[in-house]
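Asker: Turn this into a model:
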Amino acid sequence: MAEKMDQYTTYQAPNADAGYEPDGSATQDGSNVTDYVTFCTDCHNSTNTIYSNVLGRNLKTIDWNTEKHGEGNADSYITVDSPYTAGAGALGYVLSCLDCHEPHGSPNAFLIREKVNGGVLGGNITESSTTEWHYLCDRCHKDDIELNGGCQDDHYYNIHHDSTGGNDRCYTAVGCGACHAGGAGSGCTSGKTKLSCVACHYHGSSKTDCDYVPTTRVTF
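Answerer: Coordinates of the predicted model:
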């Protein structure tokens, strides 16, 4: 069995300070990266039940084979940051678990790395439901200001509601109540409270809308 990430043909090594991870070299196909996916999913998978004494609950199950950040294909091309170029090659990329997670300790919840895709996160992620998750997501996904300089930093209104936002829209853009409480939202310069990324995007997440095909869409 192969033991490197290059066994996944759509793996793309993230940026490092110079070159690509893990060693700053020009190699980007994963041939110099251990196959952490096979290692981690030996325990973290869709069948094992793992209880966390710290969290006081079972850990979320992970079906890496169907997730978009795993071997599952994306539904469409979206606007992403280098080196994950939209519209290049196959639809979607395979990630290594260690592209986002540390194996042995982190000041962030869920062992999220302090530096991802060549840059330090903008702040710490302290718990599961906080809006701080954008610090991680921003490292690879574009926000509104990257598409439109008139928008505010760390807003995803256009990304999720506008067809020019890389087609990463919700199923029903006008179905506000499915995501927002009354009075929320209203543009990429709104000062209203933002939703946490993990309200919709997390290991195992999906969205169902019976008016669309497919009726159920994986959201992570």
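
Asker: Against N117, how distant is the spatially most central residue of the chain?
Answerer: In the chain, the centroid-proximal residue (CA atoms, centre = their mean) is C137; its distance is 5.7 Å. As judged by CB to CB, to the nearest Å, C137 and N117 stand 11 Å apart. (C-beta placed from N, C-alpha, C; glycine too.)

Asker: re the thing from before, I'd assumed C197 was in contact with the residue nearest to the centre of the chain.
Answerer: Yes - here C137 reaches C197: they are 5.0 Å apart, a contact under CB atoms under 8 Å.

Asker: ok, D153 touching E146?
Answerer: No - under the criterion of CB under 8 Å, D153 is not in contact with E146, lying 9.2 Å apart.

Asker: my guess is N48 contacts T61, does it?
Answerer: Yes - in terms of CB under 8 Å, N48 counts as a neighbour of T61; the distance is 7.5 Å.

Asker: so where's the protein uncertain?
Answerer: Scanning the chain with the threshold set as pLDDT under 70 gives 1-2, 86-91, 163-168, 171-178, 180-187, 189-193.

Asker: What segments of it are strands?
Answerer: 51-52, 57-58, 115-116, 119-120, 206-208, 216-218 (DSSP state E).

Asker: among the ones you listed, which is nearest S96?
Answerer: Taking CB to CB as the criterion, strand 115-116 is the member of the strands of the chain that comes nearest to S96, at 11.7 Å.

Asker: and R139, what does it touch?
Answerer: D81, V116, N117, G119, L121 (CB atoms under 8 Å, 6 or more residues apart in numbering).

Asker: and T126, how far is that from T216?
Answerer: Taken as CB to CB, the span from T126 to T216 is 31 Å.

Asker: These two: which has the busier surroundings?
Answerer: Under the criterion of other CB atoms under 10 Å, the comparison of T126 against T216 puts T216 first, with 13 against 10.

Asker: Across the sheet, point out what pairs with the more buried one.
Answerer: Beta-bridge partners of T216, counted by DSSP bridges, are T208.

Asker: How about the contacts made by it?
Answerer: T216 makes contact with S206, K207, T208 under the criterion CB under 8 Å, 6+ apart.

Asker: List only buried entries from those.
Answerer: The neighbour count (16 or more other CB atoms under 10 Å) marks K207 as buried among those.

Asker: Buried residues, stretch 27-37. List them.
Answerer: Applying a neighbour-count criterion of 16+ other CB under 10 Å, one finds T27, Q28, D29, G30, N32, V33, D35, Y36, V37 buried in stretch 27-37.

Asker: That one: end-to-end distance?
Answerer: One end of stretch 27-37 to the other measures 19 Å (CA to CA, to the nearest Å).

Asker: Repeat that for stretch 188-197.
Answerer: Stretch 188-197: ends 15 Å apart by CA to CA.

Asker: Tell me if I'm right that V198 and E127 touch.
Answerer: No - checked against CB under 8 Å, the pair V198 and E127 is beyond contact range at 10.0 Å.
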